[in-house]
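*Asks:* Got a predicted model here, sequence first, then my questions.
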Amino acid sequence: EIPLRLVGSEMCIRDRVKTMEVIKRDTPIVYDYTGFVQAQKEVNLMAQVSGQITGKYFLGGEKITAGQTLFTIDQRTYQAKVLNAQAGLASAQATLIRTSRDLERYKKLYEQNAVSKQELDNRVAEAEQAQAAVDAQQALLENANIDLGETNVVAPFDGRIDTNDLSVGNYVTAGQTVLATISNTDPVFVEFSLAENEYLKLLSAHNDAGGASLENLTIVLSDGSTYSEKGRVDQVNRSITQGTGTLSLKAEFPNPAKILLPGMFAHLQANSGTVHDAKLIPQRAVTELMYKKFVYVLGDDNKVSMREVTLGPRIGRLWLVESGLEGNETVVVEGINKIKQGSEVKPEPMTEAELDTAVSLKES
């Protein structure tokens, strides 16, 4: 039955709405963010020399240690290059010895006026050319030894190797072929984004134990369990993302049991302590107009008035109200679309427990 009231000769219909008193209670303030796990270090192991893989010394997915040999590439060509460079160096060194001795003799002859300055200068030039040839051959030998060393592919750091690796017999090309991918997963990073105003709040916020909020982060895993280790913000992007007004951060989490894997979804939480006698209202009670937030407050005469509010973080299905309400008001939760400033309504009180099950009132 729709309630009516008679005004003069007209009948006015009062809109039926559901209302709730502002909730006041001590409330832990927890900011929630969606993040993804990243390896602290991750590298694509590239072949530095070309050739056929002749040895593989691990299983895909294994934990590996820095310096551990992972692959060998056919060494025969590179061993031959080393021998050739050694022979070239020996020849150049022999030439240097000969030209150096000639130079010493010509210096003495020049002092005795037995040879001209031109002849001495020629011997000096020959010795310098011989020294340059030795230097060039030494460089060739060093490069040949480096290439030979690159035929033994070793792990650059401790970590875990992926399962998408190559097998013995595959031909690899220097600078192009990825042999495997290695990740260091202890610790790990969790990358997430947050709004500028929340970042500024959390910079100075502390949990109830006194710990800085951004240094005591918690992860809730996809199965609903809470990860045992706490994390801290380790990296902050240099600027706010244009268009979104958000800031990207990376939090570092210890991962000794290797529970967190790269690419894993992480529900990140930052606790900024408890607000005593916090004022809470249902999220659905809030309406937005011209980038401002409003609620409809029920008066003693069952007429509603719009009240601008400043909201804090979400608390489940509720908003924390930072300003705009005293805490003793009753706000309209459902039926907002049917009313306006000054509307007279028929209120039907509802409880917080009904927020999860309540069905919005149908438009009349």
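*Replies:* Structure's in. What do you need? Residues are numbered from 1 along each chain as shown.
*Asks:* wait, what's in contact with the residue sitting nearest the centre point of the chain?
*Replies:* Among the residues of the chain, the one closest to the centroid is Glu191, at 3.1 Å (CA atoms, centre = their mean). Residues near Glu191 by CB atoms under 8 Å, 6 or more residues apart in numbering: Gly35, Phe36, Gln38, Ser248, Leu249, Lys250. Where you see a C-beta, it was placed from the backbone N, CA and C, and this is true even at glycine.
*Asks:* One more: Phe157?
*Replies:* Phe157 touches Lys41, Val43, Ala66, Ile182, Asn184, counting by CB under 8 Å, 6+ apart.
*Asks:* Could you grab the helix/strand/coil label for the residue nearest to Leu318 when sequence neighbours are not counted?
*Replies:* Among residues not flanking Leu318 along the chain, Leu280 sits closest, at 4.3 Å (CB to CB, 6 or more residues apart in numbering). Following DSSP: H, G, I helix; E, B strand; the rest coil, the label given to Leu280 is strand.
*Asks:* ok so, going back, what lines up beside whatever helix or strand the residue nearest to the centre of the chain lives in in the sheet?
*Replies:* Secondary structure from DSSP states H and E places Glu191 in strand 178-195. The pairing partners recorded for strand 178-195 under DSSP bridges are strand 23-46 (antiparallel), strand 159-161 (antiparallel), strand 246-253 (antiparallel).
*Asks:* hang on, the earlier thing: just the buried subset of the contacts of Glu191, please.
*Replies:* Gly35, Gln38, Ser248, Leu249, Lys250 (16 or more other CB atoms under 10 Å).
*Asks:* Now pLDDT and distance to Met290 too, for the residues you listed, in CSV please.
*Replies:* As requested, those are exported to CSV (pLDDT from 0 to 100; distance: CB to CB, whole Å):
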residue, pLDDT, distance to Met290
Gly35, 90, 33
Gln38, 87, 40
Ser248, 88, 29
Leu249, 90, 31
Lys250, 91, 36
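*Asks:* how about the closest residue to Val37 other than its chain neighbours, phi and psi?
*Replies:* Spatial nearest neighbour of Val37, excluding adjacent residues (CB to CB, 6+ apart): Met264 at 4.3 Å. Met264 adopts backbone torsions of phi -70, psi 140, taken as degrees, to the nearest 10.
*Asks:* where's Met264 relative to Thr34, distance?
*Replies:* Per CB to CB, to the nearest Å, Met264 is found 12 Å from Thr34.
*Asks:* ok, these two, which is more surrounded?
*Replies:* Between Met264 and Thr34, counting by other CB atoms under 10 Å, Met264 is the more crowded of the two (16 against 11).
*Asks:* just to revisit the earlier point, CA atoms only for the strand holding Glu191, dumped as PDB, please.
*Replies:* Coordinates of the C-alpha atoms in strand 178-195 are reproduced here as PDB (Å, rounded to 0.1, in the frame of the first residue of the first chain):
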ATOM      1  CA  VAL A 178      67.500 -17.400 -25.800                       C
ATOM      2  CA  LEU A 179      68.800 -20.500 -24.000                       C
ATOM      3  CA  ALA A 180      66.600 -20.200 -20.900                       C
ATOM      4  CA  THR A 181      65.200 -17.700 -18.500                       C
ATOM      5  CA  ILE A 182      66.400 -17.400 -14.900                       C
ATOM      6  CA  SER A 183      64.600 -15.700 -12.100                       C
ATOM      7  CA  ASN A 184      65.600 -14.800  -8.500                       C
ATOM      8  CA  THR A 185      62.500 -15.200  -6.400                       C
ATOM      9  CA  ASP A 186      63.800 -14.500  -2.900                       C
ATOM     10  CA  PRO A 187      62.900 -11.700  -2.300                       C
ATOM     11  CA  VAL A 188      60.200 -10.800  -4.800                       C
ATOM     12  CA  PHE A 189      58.600  -7.500  -5.900                       C
ATOM     13  CA  VAL A 190      54.800  -6.900  -5.900                       C
ATOM     14  CA  GLU A 191      54.000  -4.000  -8.300                       C
ATOM     15  CA  PHE A 192      50.800  -2.000  -7.600                       C
ATOM     16  CA  SER A 193      49.300   1.400  -8.100                       C
ATOM     17  CA  LEU A 194      47.500   3.800  -5.800                       C
ATOM     18  CA  ALA A 195      46.000   7.200  -6.000                       C
END
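*Asks:* The following helix or strand past it versus strand 23-46: what angle between them?
*Replies:* Going down the chain from strand 178-195, the next helix or strand is helix 196-203, by DSSP H and E. Between helix 196-203 and strand 23-46, the angle comes out at 100 degrees (axes from the mean of the first three to the mean of the last three CA atoms, to 10 degrees).
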